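# Sequence first, then the predicted structure:
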Amino acid sequence: MSTADVDSWLAATRNPQRDVIAAVRAVVMSDERIEEAIKYRAPAFLHGGIMAYFHWSAQEFASLIFPFGSRIPGDFDLLHGTGLQRMIRFHHLDDVDAHREQLLDIVDAWCVDVTGGHR
């Protein structure tokens with residue numbers, strides 16, 4: 001699966017958060033180290049395995065799940081959760097714009113510190 005699969009998913013989804021999901025996708029995919037695919041019935045971002053995926057059934061907000069989010073070093077107030085998993089909720093496009101830099105920092109922390117990717 002590839003970017004074309006994610007494009008098809010976005011075109012076909014009836015999720016009311018489609019525009020928010022597309023905006024988050026644009027931010028995350030601006031990092032050239034990240035690949036994307038459909039996993040767990042929704043767009044997912046990959047680097048050294050699954051970094052994050054959208055919870056496909058969330059309707060009131062776009063829920064970006066980091067299944068191994070506790071491994072991401074740093075103090076990011078966007079990341080919420082306990083145990084191994086962390087998540088970020090984006091309610092509006094304004095949320096994506098307001099937290100763009102922190103989201104990119106989270107992606108960078110995953111790539112560099114968790115999987116050993118290069119900046």
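Great, that's in hand. Residues are numbered from 1 along each chain as shown.
# Quick check: residue 16 touching residue 59?
Yes. Using C-beta atoms under 8 Å, residue 16 is in contact with residue 59, at 5.8 Å. All C-beta atoms are positioned from the backbone trio N, CA, C, and that covers glycine.
# So which bits of the lengthiest helix in the chain are buried?
In the chain, with assignment by DSSP state H, the single longest helix is helix 18-29. Residues of helix 18-29 classed as buried under the neighbour-count rule (16 or more other C-beta atoms under 10 Å) are 20, 21, 22, 23, 24, 25, 27, 28, 29.
# Helices of this structure, start to end?
Counting by DSSP H, the helices of the chain are 3-12, 18-29, 93-98, 100-109.
# who touches the second one?
Going back to what we said before, that points to helix 18-29. 3, 6, 10, 13, 15, 34, 36, 43, 45, 52, 54, 61-62, 64, 90-93, 95-97, 100, 103-104, 107 (C-beta atoms under 8 Å, 6 or more residues apart in numbering).
# Tell me how far that helix lies from the chain's centre.
Centre-to-centre, helix 18-29 and its host chain are 8 Å apart (C-alpha atoms, centre = their mean, to the nearest Å).
# export it as CSV, just CAs?
What follows is helix 18-29 as a C-alpha-only set of coordinates in CSV (Å, rounded to 0.1, in the frame of the first residue of the first chain):
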residue,chain,number,x,y,z
ARG,A,18,-11.5,14.2,6.5
ASP,A,19,-10.1,17.7,6.1
VAL,A,20,-8.4,17.6,9.5
ILE,A,21,-6.9,14.1,8.7
ALA,A,22,-5.7,15.5,5.3
ALA,A,23,-4.0,18.5,7.0
VAL,A,24,-2.3,16.3,9.6
ARG,A,25,-1.2,14.0,6.8
ALA,A,26,0.3,16.9,4.9
VAL,A,27,2.3,18.0,8.0
VAL,A,28,3.6,14.5,8.8
MET,A,29,4.4,13.7,5.1
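# Tell me where the model's unsure across this structure.
Applying pLDDT under 70 to the chain flags the ranges 1, 117-119.
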